[in-house]
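Q: what's the 3D shape of this:
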Amino acid sequence: MTENEIQQLAGLLRKLAAEGLGTPRTPKDVFVALRGVVTQPTVELLVSRDSRDVLLTPRHDKHWAGHHLPGGFVGVGERLEDACDRVARAELGVGATLERLVGHFTWSDHPYASPLSLLCLCHLDGAPNVGEFFVTLPDDLLRQHRALLGSCWPER
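A: Numbers count the residues shown, from 1 in each chain. Now for the predicted structure:
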């Protein structure tokens, strides 16, 4: 990149920040363009009733059809506790309280981002409106979430 291009890019990024368009409000084209440049932290919610089962939700989009852990990107300046609660409200219809950070997983093959997934053990404020508790992980579980659970949640 030329010095002029670097200055243009820096100016545009400052403009995004000034307009409040940091994650999770970043325009999708900009968010995707940051893949491979900026690590983007995510929270993956680990919800269990008895340390043997795990709550999974269905997902059907152009990137995956099957089950996955509820999760989402952490906003700029957002506390993990707040990100977990926001994601739970959006994906499960109830609030959540972060109990502890269980582990992490770096995605090298994510289709549109460079996430660092943080597995967060959470307690829900009520019964989820979406999802199902599994004792045996289903075959259609997102491969990266299977790896995350396998490496970070030995209690199961």
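Q: Low-confidence stretches in the protein?
A: Within the chain, the segments meeting pLDDT under 70 span 107, 109-114, 154-156.
Q: which residues of it fall in strands?
A: For the chain, the strands defined by DSSP state E cover 40-46, 54-60, 65-68, 71-73, 96-106, 115-124, 132-134.
Q: Strand 54-60 and the first one, what's the angle between them?
A: I take that to be strand 40-46. 120 degrees (axes from the mean of the first three to the mean of the last three C-alpha atoms, to 10 degrees).
Q: swap in the fifth one?
A: For strand 96-106 against strand 54-60, the angle between stretch directions is 70 degrees (the same axes, to 10 degrees).
Q: Could you list the paired strands of strand 96-106 along with their orientation?
A: According to DSSP bridges, strand 96-106 has the following sheet partners: strand 115-124 (antiparallel).
Q: cool, the fourth one as well?
A: In the sheet, strand 71-73 lines up against strand 40-46 (antiparallel) (DSSP bridges).
Q: Outside of the partner strand itself, list whatever touches it.
A: By C-beta atoms under 8 Å, 6 or more residues apart in numbering, the residues outside strand 40-46 that reach it are 23, 31, 34, 54-55, 69-74, 80, 83-84, 87-88, 91-92, 96, 102, 113-122, 145, 148-149, 153. In this view, the C-beta of every residue, glycine as well, is placed from N, C-alpha and C.
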